[in-house]
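Asks: missing the sequence, but the structure's below:
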């Protein structure tokens, strides 16, 4: 009986280890990362285009916005909300504050195509 209990215990431990390894060896979904990003709030009611543009103008006066300029890696699609998201995130990364008037914090990586958010 003791040998059966020990064998059953060892078998359960082995199955548990294999299950943990299998669960942890799955690839990480690129869109679900651990670090937060600050992106433009496009939920209703979304901030006005003027607020987005005003923030872009401010941000690009204090940080490098070359990625959202024509020819930059994040210029296309040429959408104000995409450009605002990139600028919001750069300010968030450099200052540690997300402008909650026009931005929201997300744990989903907003990077797309060749546009990589820091």
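Replies: Structure received. Please read these numbers as outputs of a predicted model, since none were measured by experiment.
Asks: thought residue 118 was touching residue 90?
Replies: Yes - if you go by C-beta atoms under 8 Å, residue 118 and residue 90 touch, sitting 7.0 Å apart. (Glycine included, C-beta is placed from N, CA and C.)
Asks: who are the neighbours in contact with the closest residue to residue 94 other than its chain neighbours?
Replies: Of all residues beyond its chain neighbours, the one nearest residue 94 is residue 63 (6.1 Å), with distances taken as C-beta to C-beta, 6 or more residues apart in numbering. Listed by C-beta atoms under 8 Å, 6 or more residues apart in numbering, the contact set of residue 63 reads 87, 90-91, 94.
Asks: cutoff 10 Å now
Replies: Going by C-beta atoms under 10 Å, 6 or more residues apart in numbering, residue 63 touches 87, 90-91, 93-95.
Asks: Could you export these as a markdown table, including secondary structure, pLDDT and distance to residue 78?
Replies: Listed next are the contacts of residue 63 as a markdown table, based on DSSP: H, G, I helix; E, B strand; the rest coil; pLDDT from 0 to 100; distance: C-beta to C-beta, whole Å:
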| residue | secondary structure | pLDDT | distance to residue 78 |
| --- | --- | --- | --- |
| 87 | helix | 98 | 14 |
| 90 | helix | 97 | 18 |
| 91 | helix | 98 | 21 |
| 93 | helix | 97 | 23 |
| 94 | helix | 96 | 24 |
| 95 | helix | 96 | 26 |
